[in-house]
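Q: Pasting a predicted model and its sequence here:
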Amino acid sequence: MTQRVYSTRRRVLVTGGAGFIGSHLCERLLDDGCDVLCVDNFFTGTKDNIAHLVGRPHFELMRHDVTFPLYVEVDEIYNLACPAAPIHYQYDPVQTTKTSVHGAINVLGLAKRVKAKILQASTSEVYGDPQVHPQPEAYWGHVNPIGLRACYDEGKRCAETLFFDYYRQHKLRIKVARIFNTYGPRMHPNDGRVVSNFVVQALKGEPLSVYGDGGQTRSFCYVDDLVEGLVRLMASPDDFTGPVNMGNPVEFTILELAQKVVELTGSKSKIERKPLPSDDPKQRQPDIALAQEKLGWTPKIALAEGLPKTIDYFRQGRPEGQTPSVHR
Ligand SMILES: NC(=O)c1ccc[n+]([C@@H]2O[C@H](COP(=O)([O-])OP(=O)(O)OC[C@H]3O[C@@H](n4cnc5c(N)ncnc54)[C@H](O)[C@@H]3O)[C@@H](O)[C@H]2O)c1
């Protein structure tokens, strides 16, 4: 690893740094005094998400696709690059698997070369349609390997496998976070995910689409809470690798969420039932006991606080040209 002569700032690489979570993470790391390298191919992320960071002396932006190797000198790597919403990851499923698997191989190879600590943004989707509720980290999941979600779910599972094999075989310092539904400003307005869907529909006065009977549950973590968890995980002792669940354990039914959005936006929208898509999980709630014990982390921002901030973001409208470039 190249010796640094002038700066003692931690040099941190964030792949997928121009995305929803990545942009908040870059901001937090800069505020913490890190030197941040944001790498993104702008598939679903946008320059507008990080426009306010460009010009800060310790922020650097690089257009790069993680399916190709990257040679940079860094101390820590947060690997977030991967489309996260079904309409985005199903647009080019082969590329999605490549992003998770080839991307993991490339960033792990980089971490090995420069002896960096590396964190993987994994997902609750590794549990598939769970038969255990809530899901502890020890649960191996219930995933359909050939379904429409498999490119994402199995890609992320394989990335976890690679992280743990690099840990065992090459003694890399790894961290694996299994992220549950996260929401907040800079989510994509048209990503088909439940929070953004409802908010956008309510603001337009359109009916809110509830799939099935709306009795399926989800838990929603505000992005600032999640970023705090990721930073704490990266700073945790080397013998703590995870996987560790990160999410807000407070459960809401989809119907309750729809009603809350209508109430907070003051919309006249009605609720409209639609057929349940295939492989849609019925329940999703994190068991965060491990994160509480090892990281002293518990989400603090309730839906009643985070939802209005998200609604404000959508009310102001995304800057021109911020529609995800799914037709690249
Ligand atoms: N948002 C959630 O609720 C959630 C839940 C579980 C896991 N995650 C994980 O967190 C990470 C960030 O998710 P997000 O919600 O911010 O999604 P996002 O789509 O906003 O961000 C992903 C970023 O990765 C970039 N990207 C995609 N493919 C790339 C490639 N091949 N090379 C370089 N950059 C690439 C995109 O352009 C985008 O900026 C993802 O890995 C996702 O799987 C998110």
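A: The structure has been received and is ready for your questions.

Q: What are the boundaries of the helices in the stretch 201-328 of the chain?
A: 223-235, 254-265, 289-295, 303-316 (DSSP state H, counting those that start in this stretch).

Q: which stretch among the ones you listed comes nearest residue 39?
A: For the helices of the stretch 201-328 of the chain, the distance to residue 39 is smallest for helix 223-235, at 16.4 Å, taking Cβ to Cβ. Using the backbone N, CA and C atoms, a C-beta is placed for each residue, glycine as well.

Q: can you list contacts of stretch 80-87?
A: Here stretch 80-87 makes contact (Cβ atoms under 8 Å, 6 or more residues apart in numbering) with 14-17, 19-22, 25, 39-41, 43-44, 66, 89, 91, 96, 99-100, 103, 121, 123, 148-149, 152, 155-156, 188, 190-193, 326.

Q: Mind doing that once more with 6 Å?
A: Where contact means Cβ atoms under 6 Å, 6 or more residues apart in numbering, the residues beyond stretch 80-87 that reach it are 15-16, 22, 44, 66, 89, 99-100, 103, 121, 191-193.

Q: just the residues you listed that are near the ligand?
A: When contact is defined as Cβ under 6 Å from any ligand atom, the contacts of stretch 80-87 meet the ligand at 15-16, 22, 44, 66, 99, 103, 121.

Q: which one among those gets closest to residue 232?
A: residue 121 (14.4 Å).

Q: where's the closest one, which helix or strand?
A: According to DSSP states H and E, residue 121 maps onto strand 117-123.

Q: hmm, back to that, ranking the helices of the stretch 201-328 of the chain by burial, who's on top?
A: Comparing these by mean neighbour count (mean count of other Cβ atoms under 10 Å), helix 223-235 ranks first with a mean of 21.

Q: Not counting residues beside it along the chain, what's closest to residue 111?
A: In this structure, residue 111 finds its nearest non-sequential neighbour in residue 118, 4.1 Å apart by Cβ to Cβ, 6 or more residues apart in numbering.

Q: Verify the contact between the one you found and residue 110 for me.
A: No: contact criterion Cβ atoms under 6 Å: residue 118 and residue 110 do not qualify, at 8.2 Å.

Q: what residues does the chain put near the ligand?
A: Close to the ligand, as judged by Cβ under 6 Å from any ligand atom, the chain has residues 15-16, 18-22, 40-45, 65-67, 80-84, 99, 103, 121, 123, 179, 181-182.
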